[in-house]
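Colleague: one predicted model, sequence on top.
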Amino acid sequence: MNKQDIETAVKAELNRIAPDIDADDIDRSENLRDEFDIDSMDFLNLVTALSKLLGLNIPEADYDQMESFDDLVGYLSKKAPA
Amino acid sequence: MEYEVIKKPRSAGQTANMPDYRKVHETFAWADAHKLIDGLPGGKLNIAFEAVDRHVAAGHGAQIALRWIAKSGERTDFTFKDLQDRTNRFANILRSRGIKKGDKVYSLLGRVPELYIAALGTLKAGAVFCPLFSAFGPEPIQSRMEIGGANAIITSSRLYKRKLKNLRDHLPDLREVILIDAEEMDTTALAPLMQKASDAFDIEPMDPEDTALLHFTSGTTGKPKGVVHVHEAVVAHHTTGRLALDLRPGDIYWCTADPGWVTGTSYGIIAPLTNRVTMIIDEAEFDTNRWYDILEKEAVNVWYTAPTAIRMLMKAGKEATQVRTFKALRFMASVGEPLNPEAVVWGQETFGIPFHDNWWQTETGGIMIANYASMDVKPGSMGKPMPGIEAGIVEVTEDGAKELTEPLAMGELALRPGWPSMMRGYLHEQARYDKCFSNGWYLSGDLAMRDSDGYFWFVGRGNDLIKSAGHLIGPFEVESALMEHDAVAEVGVIGVPDETAGEMVKAYVALKPGHTPSDELMLDLMGHARKRLGPAVAPKEIAFRENLPKTRSGKIMRRLLKARELGLPEGDISTLESDEK
């Protein structure tokens, strides 16, 4: 999976949780939870869905590496087999 | 599974603020508790004086009152003297902008220092402070500002633009919008005013029965209720902080609750400051590593948090705790919803001390039933009534409430009114307020039982309210927002069990003719609800039905939806007229 595929997957999952916010309108380097107006539970659901979809094990200890949209995509790209 | 009682070592009792629960409970009088606050001349008082000014006067101005940790991780300290100066300035600003005693000052802010300064500065000026949760959407914000008659609000430009700007035409009483970080049209920028304002202010001496705080809570039907609390409440805030949370002057204390909810005000602003502890305020949302870092590096002594967060930490596993030591941690408490026994025991195994669950409500203003530092803990129990509080299990019949004294009898949890932080009313809703009382009992709406040792156990809620991540959500508010969508014919909203959040908001929707269920429509409804209600209140799941179960009068039977969702017996369905399809 390349970075583009991962970004598409992240956008799709975010759209399921926060369909009122367009991923193209947000500041990708700002706090993801603020930008998408999602709470801790939403965030947990997002990461769980992404880990299932991409077949990745994402430990909670890594959550602080997913501060912004760009961080999240970057983290997943690093983890996912190319 | 039966959980073993967690016995407290004798040393716990020797050092705790309340060494012997039974003794204190027997001899306690609120008149004595009153002596622990200073008051103002002529029998007057002011919560903000007890929280800030009296400590400066007593020579503790240099102690850190508030350590703020920004999302970036940067820390900023405010001493009691700093807090005094800033709250005085804020009170002067309110005065200069025409905000008078008794006016309503709202906040819509994340956990930033300005929120704490505004809360205390508002009280100093004799105005009523009403905090709104920043994750609310425009609809919950509008209804709460309308009901309370907000005269001023302090917020950020981001929240203003997203949630408030378009509401202003509906809020005729709103005279002043103060922005902490910028200036927009028809708003006032805080920073230049703070710079100009004097740091001296004659605190408004309040009558003990003058309104200080307005907290909104959800109802099962109708609009949210504005719960009125008075300045006298500080007596209970202070004493419950001392006895139930074991707060001692100089402690490092972390309350993770947001001041948008009552816990974050009573125990996230008032009780810690009146007890002269150093409060840790974290701007960021929950994060496992960050939270453990704060506990360890800030050397937190007393930690007050919530079941959802505890369960998220449990899920994160042992690795994160094994590399850390929490030597300073002395007492841990939990509130928001009943804490499951596994979590109490996990606390003991992970930190060497159990979590101490306690129970109270927006209406009670402060902790009513608790597990105490010196008292053995029965995991899963909410503990025993605070000194000064008489709690009972009652059965409510046509003749009113009657106490059930038989151990383990199930009934409604009730309290004898009269403690200082008891609500004085629901704003403009006398009838709804009156309905809370029967035969000299305040009825909590929660079902519970009391065992033969006097410990109380939560059984369930006696109404349709939803508790998600510790936040009380009224199904009616969610249903109303969804009903505004063009495709929706009827809606029933319930809480479904969730292993982390306790409950999750789920909506059952029947569509109008001409609309068919689809994933696309589901997401459209979800977005519609989030835009209006915000993430804290909007449903996390939406299911389509052809028809919802209704009574003869057309009332949707949420209870039946829930029983079916959980696979429980449907109970009495004699009023069911039109069934679910």
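Modeller: Everything's here; your move.
Colleague: any weak-confidence spans in the chain?
Modeller: Let's take chain A. For chain A, the stretches with pLDDT under 70 are A:82.
Colleague: switch to chain B, please.
Modeller: For chain B, applying pLDDT under 70 flags the ranges B:1, B:553.
Colleague: cutoff 80 now
Modeller: In the predicted model, chain B carries pLDDT under 80 at residues B:1-2, B:12-13, B:219-222, B:551-555, B:569-578.
Colleague: need the residues of it near chain A, please.
Modeller: Residues of chain B that fall close to chain A, judged by C-beta under 8 Å from any C-beta of the partner chain: B:71, B:135, B:285-290, B:308, B:312, B:315-317, B:319-320, B:468-469, B:498, B:500-501, B:504, B:523-524, B:526-528, B:530-531, B:534-536, B:540. Heads up, the C-betas are built off the backbone N, CA and C, glycines and all.
Colleague: any of those buried? List them.
Modeller: B:71, B:135, B:285-290, B:308, B:312, B:316, B:320, B:468-469, B:498, B:500-501, B:504, B:523-524, B:526-528, B:530-531, B:534-536, B:540 (16 or more other C-beta atoms under 10 Å in any protein chain shown).
Colleague: of those, which belong to helices?
Modeller: With helices taken from DSSP state H, the overlap with these comprises B:288-290, B:308, B:312, B:316, B:320, B:523-524, B:526-528, B:530-531.
Colleague: export those residues to TSV and tack on distance to B:Thr220?
Modeller: Listed next are those as TSV, based on distance: C-beta to C-beta, whole Å:
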residue	distance to B:Thr220
B:Thr288	35
B:Asn289	39
B:Arg290	36
B:Thr308	22
B:Met312	28
B:Ala316	35
B:Ala320	39
B:Leu523	28
B:Asp524	27
B:Met526	23
B:Gly527	26
B:His528	23
B:Arg530	22
B:Lys531	24
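Colleague: quick one: contacts for B:Thr308?
Modeller: Residues in contact with B:Thr308 (C-beta atoms under 8 Å, 6 or more residues apart in numbering or on different chains) are A:40-41, B:336-337, B:469-470, B:500-502.
Colleague: which other helices and strands does the strand or helix carrying B:His55 contact?
Modeller: Secondary structure from DSSP states H and E places B:His55 in helix B:54-57. Identification of packing neighbours for helix B:54-57 by 3 or more C-beta pairs under 8 Å, 6 or more residues apart in numbering or on different chains; DSSP states H and E yields helix B:80-96.
Colleague: which elements pack onto the helix it packs on?
Modeller: Packing partners of helix B:80-96 (3+ C-beta pairs under 8 Å, 6+ apart): helix B:54-57, strand B:64-69, helix B:113-124, helix B:190-196.
Colleague: mind listing what's buried in the last one?
Modeller: Meaning helix B:190-196. Under the neighbour-count criterion of 16+ other C-beta under 10 Å, helix B:190-196 has B:190, B:193-194 buried.
Colleague: burial of the nearest residue to B:Ala16 once chain neighbours are set aside, as a residue count?
Modeller: Of all residues not flanking B:Ala16 in the chain, B:Ala373 sits nearest, at 3.9 Å (C-beta to C-beta, 6 or more residues apart in numbering or on different chains). By the criterion of other C-beta atoms under 10 Å in any protein chain shown, B:Ala373 has 24 neighbours.
Colleague: next one: stretch B:473-492 to chain centre, how far?
Modeller: For stretch B:473-492, the gap between its own C-alpha mean and the chain's C-alpha mean amounts to 25 Å (C-alpha atoms, centre = their mean, to the nearest Å).
Colleague: can you get me the start-to-end distance on that stretch?
Modeller: Stretch B:473-492 has an end-to-end distance of 14 Å (criterion: C-alpha to C-alpha, to the nearest Å).
Colleague: show me what counts as buried in it.
Modeller: Of all the residues in stretch B:473-492, those buried under the rule 16+ other C-beta under 10 Å are B:473-482, B:485, B:487-488, B:490-492.
Colleague: so which of the residues you listed belong to strands?
Modeller: Among the buried residues of stretch B:473-492, the members found in strands (DSSP state E) are B:473, B:488, B:490-492.
Colleague: out of those, who's nearest chain A?
Modeller: When those are ranked by distance to chain A (C-beta to the nearest C-beta), B:Ile473 comes first, at 12.4 Å.
Colleague: beta partners for the closest one?
Modeller: B:Ile466 (DSSP bridges).
Colleague: ditto for B:Phe355
Modeller: So, taking DSSP bridges as the rule, B:Phe355 has B:Met332 as bridge partners.
Colleague: how about B:Ala51: what's its closest non-neighbour residue?
Modeller: In space, B:Ala51 is closest to B:Leu273, 3.7 Å off (C-beta to C-beta, 6+ apart).
Colleague: for the stretch 101-250 of chain B, which segments count as strands?
Modeller: Using DSSP state E, counting those that start in this stretch, the strands found in the stretch 101-250 of chain B span residues B:104-108, B:128-132, B:152-155, B:176-179, B:188-189, B:211-217, B:225-230.
Colleague: make TSV from those and add mean neighbour count to it.
Modeller: Converted to TSV, those look like this (neighbours: other C-beta atoms under 10 Å in any protein chain shown):
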stretch	mean neighbour count
strand B:104-108	25
strand B:128-132	26
strand B:152-155	26
strand B:176-179	21
strand B:188-189	16
strand B:211-217	23
strand B:225-230	24
